[in-house]
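A.B. asks: Following is a predicted model, sequence given first.
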Amino acid sequence: MIRALTIFIVFSVLIAHHAIAQDSTGKRRIAVLAPLYLDTLVDANGKPKFDKTVPTYLLPGLDVVSGLQLAVDSLQKDSINLDIKLWDIKDKKYHPSLLGDSVKNIDVLIGYVSLNEAAMWARYAKQWQIPFINLNQPNDAGVTGNPYYYILNPTLGTHVSNIYKHLQKNHPLQPIVYFKKIGAAEDKLLQFFQQAERSTSGIPLKIKYVTLTDTLSADQLERYLDSTKNTVCISGSLDLKFGATFAKQLASLSKKYKATLVGMPNWESIDFSRAQYRGIDIVYGLATHFSNDNLAVQYYQKSIKSKYFVTGSETVLRTFETVLLTAFEITQPAYKKSSSLFYAYPSLFGSIDWAPVKNSKTGATDFIENKKVVFIKKTDGTTTRLN
């Protein structure tokens, strides 16, 4: 019930004022785009529709607002003069084609969007010459030639490139075997990996590529393992069932063979603390890793809990960090509107490193992407951050 009341109060107050931190003209302005679905929050009599539970489709918007409010609180404490707008992108009046003069003085757009919305807002951001930061979609959305489009969640190609570099640094002399199953998505993933192999500087890795034609079994894996060395096995699929089976079968061989299993960014949803995965090191990259061992995470989680009575999700912390760093950047005297946002300030949680992605044919910037991938290792129920 507390969360339901929170969502109603937060949305009602913020939208009634149309801004979180409104100021006079001449101040820097950020517009935050969130899927608020305000027309679904109250009934015809203006009463909240939800009193005990919150529909899942409302949670991303609530998390964005929570993270935004934390950022505003911090900015006010630091006396940062800023005007922050909150736009419900599920409200037709906030369609970019209808905004007109509303965007004239906006310096940066920050949005939690769908894939189609990411492409649309990126197109208008280029037209308006305003940086647009996509908070959640790890996808270029088909955007090219657009230096105003920022992707905060690293794309799959970036993850794969970072996996290759991680292996170069940490496993340069160990046998490495890349396993894939048959499938179009797996073929695309393999292309990313082989592109990283061709383009990454330094001594190339010696990798054996294996395509599995039937069910993944311990017997299939065993023929590629070496009892005298640690074998690095790469799971070349985003299929979670394949990944979980791979880890289980490899772990079943751990008494005879030492192995490190390298997986994909969606593996965070697999519970590797279970006994069936013990005996091997499991490594994969994440866009963020908000560990409770991090003092900054501890501090802000405490603030979130005291304000909203819940633990802050990744979206809350991601929104907070992005808004705060963007605000610091654009309020610097030397900043000029439509300049690139490369953050002179260090990331609060060590998870943002902007870099332009160049078109291989034209050399122009297709978009700007966060290249920071955080690697973690899970061993027998414990988690360790590796970078």
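C.D. replies: Sure thing, it's come through.
A.B. asks: Spatially nearest residue to the residue nearest the centre of the chain, not counting backbone neighbours?
C.D. replies: By CA atoms, centre = their mean, the chain has its centre lying nearest to N153, at 3.1 Å. Nearest-residue entry for N153: P138, 4.0 Å, with adjacent residues in sequence omitted and distances by CB to CB, 6 or more residues apart in numbering. In short, each C-beta sits where N, CA and C put it, glycine included.
A.B. asks: N134 now?
C.D. replies: Of all residues not flanking N134 in the chain, A118 sits nearest, at 4.9 Å (CB to CB, 6+ apart).
A.B. asks: So the one you found: helix, strand or coil?
C.D. replies: What DSSP: H, G, I helix; E, B strand; the rest coil gives for A118 is helix.
A.B. asks: In contact with it, which residues are there?
C.D. replies: Residues near A118 by CB atoms under 8 Å, 6 or more residues apart in numbering: G111, N134, Q137, N139, A141, V143.
A.B. asks: Next, count neighbours for the last one.
C.D. replies: If I follow you right, that is V143. By other CB atoms under 10 Å, 21 other residues sit near V143.
A.B. asks: mind checking how far it is from Q137?
C.D. replies: V143 is 11 Å from Q137, where distance means CB to CB, to the nearest Å.
A.B. asks: Please apply the same query to S254.
C.D. replies: According to CB to CB, S254 stands 37 Å off from Q137.
A.B. asks: If you count surrounding residues, which of these two has more?
C.D. replies: Neighbour comparison, S254 and Q137: the larger count goes to Q137, with 20 against 14 (by other CB under 10 Å).
A.B. asks: just the helices in the stretch 1-150 of the chain please.
C.D. replies: In the stretch 1-150 of the chain, the helices defined using DSSP state H, counting those that start in this stretch lie at 2-17, 59-77, 115-128.
A.B. asks: List the buried residues for the last one?
C.D. replies: For helix 115-128, the buried set under the neighbour-count rule, 16 or more other CB atoms under 10 Å, comprises E117, A118, A119, M120, W121, A122, R123, Y124, A125, K126, W128.
A.B. asks: And the helices in the stretch 251-387 of the chain?
C.D. replies: 295-308, 314-330.
A.B. asks: Would you agree N266 is in contact with D239?
C.D. replies: No. Using CB atoms under 8 Å, N266 makes no contact with D239, being 9.3 Å away.
A.B. asks: circling back to that earlier point, now the residue nearest to N153: phi and psi?
C.D. replies: phi -90, psi 60 (degrees, to the nearest 10).
A.B. asks: and what of D107?
C.D. replies: When read as degrees, to the nearest 10, the backbone of D107 gives phi -90, psi -40.
A.B. asks: Sketch out the low-pLDDT regions of the stretch 151-300 of the chain for me.
C.D. replies: Applying pLDDT under 70 to the stretch 151-300 of the chain picks out residues 292.
A.B. asks: Going along the chain, name the strands of it.
C.D. replies: In the stretch 151-300 of the chain, the strands defined using DSSP state E, counting those that start in this stretch lie at 176-181, 207-212, 230-235, 258-262, 281-286.
A.B. asks: elements contacting the second one?
C.D. replies: Spelled out, it's strand 207-212. Where contact means 3 or more CB pairs under 8 Å, 6 or more residues apart in numbering; DSSP states H and E, strand 207-212 is packed against strand 176-181.
A.B. asks: Now do the strand it packs on against strand 258-262, angle only.
C.D. replies: Orientation of strand 176-181 against strand 258-262 (axes from the mean of the first three to the mean of the last three CA atoms, to 10 degrees) gives an angle of 60 degrees.
A.B. asks: Identify the residues contacting strand 176-181?
C.D. replies: Against strand 176-181 from outside (CB under 8 Å, 6+ apart): 167, 186, 189-190, 193, 205-212, 216, 221, 224, 231-237, 239, 242, 246.
A.B. asks: Let's see that with 10 Å instead.
C.D. replies: Identification of contacts with strand 176-181 by CB atoms under 10 Å, 6 or more residues apart in numbering yields 167, 186-187, 189-190, 193-194, 197, 205-216, 220-221, 224-226, 231-237, 239, 242, 246, 250, 259-262.
A.B. asks: Would you give the sheet partners of that strand, along with the direction of each?
C.D. replies: strand 207-212 (parallel), strand 230-235 (parallel) (DSSP bridges).
A.B. asks: rewinding a little: redo the strands of the stretch 151-300 of the chain as CSV? Include mean neighbour count.
C.D. replies: Below are those laid out as CSV (neighbours: other CB atoms under 10 Å):
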stretch, mean neighbour count
strand 176-181, 20
strand 207-212, 15
strand 230-235, 22
strand 258-262, 22
strand 281-286, 23
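A.B. asks: List the contacts of R318.
C.D. replies: Shown in contact with R318 (CB under 10 Å, 6+ apart): 63-64, 67, 112, 135-136, 152-153, 287-288, 290, 312, 349, 351-352.
A.B. asks: do you know how far it is from A287?
C.D. replies: According to CB to CB, R318 and A287 sit 8 Å apart.
A.B. asks: Quick check: neighbours shared by those two?
C.D. replies: N136, L152, N153, S351, I352.
A.B. asks: Out of these, grab the one that's most surrounded.
C.D. replies: Among the shared contacts of R318 and A287, the one with the most neighbours (other CB under 10 Å) is L152, at 24 neighbours.
A.B. asks: what sits against that residue?
C.D. replies: L152 neighbours (CB under 10 Å, 6+ apart): 110, 133-138, 287-288, 318-319, 321-322, 351-352, 354, 368-370, 372.
A.B. asks: can you check E117 too?
C.D. replies: Listed by CB under 10 Å, 6+ apart, the contact partners of E117 are L33, P35, I89, K90, H95, P96, G111, N134, Q137, A141.
A.B. asks: In strands, which of those fall?
C.D. replies: If you go by DSSP state E, the contacts of E117 have L33, G111, N134 in strands.
A.B. asks: who wins for neighbours among these?
C.D. replies: Going by other CB under 10 Å, N134 tops the ones in strands among the contacts of E117 with 31 neighbours.
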